[in-house]
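here is a sequence with its predicted model. Questions after.
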Amino acid sequence: MDRWLLVFVGGILSASLHSDIKFWLIFSTIALLLLATVNAFFYFRQREVKQRTIVLRLMVLFCGILWGNANLYWQNLRAIPDELMGNEIQLTLVVDEMSRRYPFHLRMTGRVEVLAGKVLPFWQQPRVQLSWYNSHHKQVPKAGERWQLEVKLKQATDYRNQGSFRYRKYLLRNNIYALGTVKDGEKLTRVTSFRQRVFDSIEQADLSEPGILAALTIGERSLLTSATRETWQKTGLAHSLAISGLHLGMVAGSAILFFRFCFYCFPISLKNRERLDIRLWSLVFAAIVVSAYAGMSGFSISTVRALTMFLVVLLHIVLKLKLNPLSLLLRVVAAVLVVDVFAWQDPGFWLSITAVAALFLASWRWSKSRGRFSAVKSLWSIQWQLLVVMSPLSFLLFGGFSLFAPVVNLLVLPVISFWLLPLALTGTVFALFGSDIAVSFWQLSELSVTCLTPLLDALAGHPANWLELNQWPITRAARFAVLFALTAAMLLPVSRGWQRLGLLLCLPVVAFSFFNQRDGKLRLHVLDVGQSQAVVIEKDGKAMLIDTGIEFSSGFSVAEAVIEPFLNYHGLRPELAFISHGDRDHNGGRDFLRQRYSQLEWRGDASDKPCRAGDTGEWNSTQWEVLWPTSAYQDANRLSKNNRSCVLRVSYKDFSVFLPGDIEMMAEQLLLKSLHKLPEANSDVLLIPHHGSKTSTSWPLLQAVDADIYLISYGKHKGYDFPHRYTLERLSRTQKPWFGTRDSGQLTIVSDGNTWSLELPFENR
């Protein structure tokens, strides 16, 4: 059966490799019918079993392809028509998540029942995420309520950079098909969901850590503070804040004990006791309770994945099926992909599968502990084995891993499993019935968190805890290869000849990785950050930042979603940062990056080293020079904020880049007058000022810089139409090419100091 499942899983995964969904739906259906006919022909003609086996496997393959494409087709069927985007329409929304209030707006997410006057069937109702910017609106929509809203919908956009958070992909994974802005709204019904009532009770209770309790009981993470998230991630406990197999297992165990307690305590005759299979019914009861617990979390993607895995294992226990661990793992993976064919796109899926596979492989490689304290020794061994196996994936996803994770998990997970979670869930049950006793249970449960928080903070902040591997002078791929090879060497048995050969093959990988050094070239990355600007100059594993992108009132920061992941992706350590001017689309990420990288030297706007023409310096064999503003205009208010932007010229050997911020034509004219010689501005690359506005990029500036290529940082924005056609007309007169982040995503210039080349990692993607 394992081979059949592998073929079926391969069919599901192959469905994502092509874009013509309708063709493959029709082709797969026809292929299945033809193969079924051939199989019937072989059966009645009693042909060889080998031929029938090939036909049956092809049928299983096309079943996987058909299932994958059917899910893709259903996803497209639920999409909101393009003609409704950008127009004000009316819809009826059933709020299905807790709404979040921000300083200038609130955000709600829900399922659309009526769209532009059309009642949608349940299976075709899309989810949308709406922002309400009416600041005097005090009534927050609750989960379960129905609202009639006047909205303006739009498609979500992605920031296309290496390592960036893919926002549109994230929304689609959560079945959110559009974003929108609410113009006006009216509540139709006031009935709220059980989940909302529990959330309100936790939020209103006098609790020191409401975010952790909400995450563990109803799967709601909006109350978690950024400090708590970072601490739990840096100590290897982030997995315990999501409803996972660990939590489901604890709930199931409690349900089984409760069922058996009731069974023996209730007055049931001996004859009926003998008839009932207590083992079977206790497992069935556990499955019901666990499913209800998953329902309390709103059946989020991670919870559904964990629930599917748990129910598959439980079914095997009920049916008394004995399999080797790898066969069971394969069945679990197949079941998850049947329920959610896009699960493999989630990092959480790979983390879960890798953790389970690590336990199986570790038991294959290492013998079990025996003697006194064998249980503790086994747990200790498992934690270190998980660290070894999970480190490559953690490095790939998060840029590093926690060395203290085994110790922390060994000490904290029992507290969570046997104290925090049971008491929190008991309080939740009382909260569902409106009892005030719930608060007492919650306060008692969070005592453990209050006691552990100082220890976790100290461990998370310890310099030896989080290993980022940025100091290795080798490429990202090489660092991952080293970790993978060392992990394989520790896990593979060496009792047989072919196993020793596999271990020896790991050595060349390690040797190759250490010789795969960084090439020493300068790389200029203009990041795709929408209608804002962020530039990273990279050399030998170190980085210089020019502007930090925008931060929105919702708390979403480009620095957090784009810049930091980009630095982690390439293993870069930022050392120097310039802020051209104070507009939030250029300095929005300063506070976040200052907190993240305490060693970072800041220059430019709002720093103790403001830009003044004539300032020069050297960074990592690269020279930088400030060309504007001059001292006469730096402290005066005769120019606008844009026109006082810091203008930089960065050069490496014979290669140079001109970075003018948001200066406009007036400042461009004054800048050129202040130069002793016009060739001082001459550069190979020009980052077009002010995102391509018509008030910038004058013809004299283009002549003075005389660049070979022009780069523009811009995005979609309802208030702007950048780059302006007047600017593009002036660029066309130079007969030199230009590229923009909106169309091409991240723009990268690579130079050895003499020649340069352009790389477009996301062209046509």
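Alright, I've got the coordinates.

identify the bridge partners of Leu522.
Per DSSP bridges, the residues bridged to Leu522 are Ser751.

likewise Met108?
Assigned bridge partners for Met108, using DSSP bridges, are Leu130.

give me the neighbour count for it.
Per other CB atoms under 10 Å, the neighbour tally for Met108 reads 26. Where you see a C-beta, it was placed from the backbone N, CA and C, and this is true even at glycine.

my guess is it contacts Asp96, does it?
No. Between Met108 and Asp96 there is no contact under CB atoms under 8 Å: 9.4 Å.

the residue nearest to Gln125 when sequence neighbours are not counted: what's it in contact with?
Spatial nearest neighbour of Gln125, chain neighbours left out: Arg111 (4.9 Å); criterion: CB to CB, 6 or more residues apart in numbering. Arg111 makes contact with Leu93, Val94, Asp96, Gln125, Pro126, Arg127, according to CB atoms under 8 Å, 6 or more residues apart in numbering.

check the first one and give its pLDDT.
Looking at Leu93, its pLDDT is 95.

now swap in the last one and tell me
Per-residue pLDDT puts Arg127 at 93.

now it: phi and psi?
For Arg127, the backbone dihedrals are phi -100, psi 140 (criterion: degrees, to the nearest 10).

tally of neighbours for it?
Residues near Arg127, counting by other CB under 10 Å: 19.

hmm, it is touching Gly110, no?
Yes. Using CB under 8 Å, Arg127 is in contact with Gly110, at 6.7 Å.

now do the shared contacts for these two.
With CB under 8 Å, 6+ apart, Arg127 and Gly110 have common neighbours Asp96.

worst-scoring helix or strand of this protein, pLDDT-wise?
Between all helices and strands in the chain, the lowest mean by mean pLDDT, DSSP states H and E belongs to helix 497-515, at a mean of 58.

Glu575 touches Ala543, doesn't it?
Yes. Contact criterion CB under 8 Å: Glu575 and Ala543 qualify, at 6.9 Å.

who has more neighbours, the two?
Ala543 (26 against 15).

pretty sure that one is in a strand, no?
Yes. According to DSSP: H, G, I helix; E, B strand; the rest coil, Ala543 belongs to a strand.

in the helix or strand containing Ile202, what's buried?
In this assignment (DSSP states H and E), Ile202 forms part of helix 194-204. In terms of neighbour count (16 or more other CB atoms under 10 Å), helix 194-204 has its buried residues at Arg195, Gln196, Arg197, Val198, Phe199, Ser201, Ile202.

ditto for stretch 319-337
Buried, per 16+ other CB under 10 Å, within stretch 319-337: Leu328, Leu329, Leu330, Arg331, Val332, Val333, Ala334, Ala335, Val336, Leu337.

mean confidence for it?
Average pLDDT, stretch 319-337: 84.

with stretch 716-730 instead?
Averaged across stretch 716-730, pLDDT comes to 82.

also stretch 228-244?
pLDDT averaged over stretch 228-244 gives 85.

contact partners of it?
209, 211-212, 215-216, 219, 221, 224, 246-247, 293-294, 297, 300, 302-303, 306, 348, 351-352, 387, 398, 401-402, 404-406, 408-409, 412-413, 416, 453, 456-457, 459-460, 465-466.

neighbours around Phe261, how many?
Using other CB under 10 Å: Phe261 sits among 10 other residues.

local confidence estimate at it?
Phe261 is given a pLDDT of 84.

relative to Arg279, how far out is it?
15 Å (CB to CB, to the nearest Å).

now swap in Tyr597 and tell me
Going from Tyr597 to Arg279 by CB to CB gives 56 Å.

pick out whichever of the two has more residues nearby.
Ranked by neighbour count (other CB under 10 Å), Tyr597 and Arg279 place Tyr597 first, with 17 against 13.

buried members of the contacts of stretch 228-244 into PyMOL, please.
To isolate the buried members of the contacts of stretch 228-244 in PyMOL, using 16+ other CB under 10 Å:
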select buried, resi 209+211+212+215+216+219+224+246+247+293+294+297+300+302+303+306+348+351+352+387+398+401+402+404+405+406+408+409+412+413+416+453+456+457+459+460+465+466
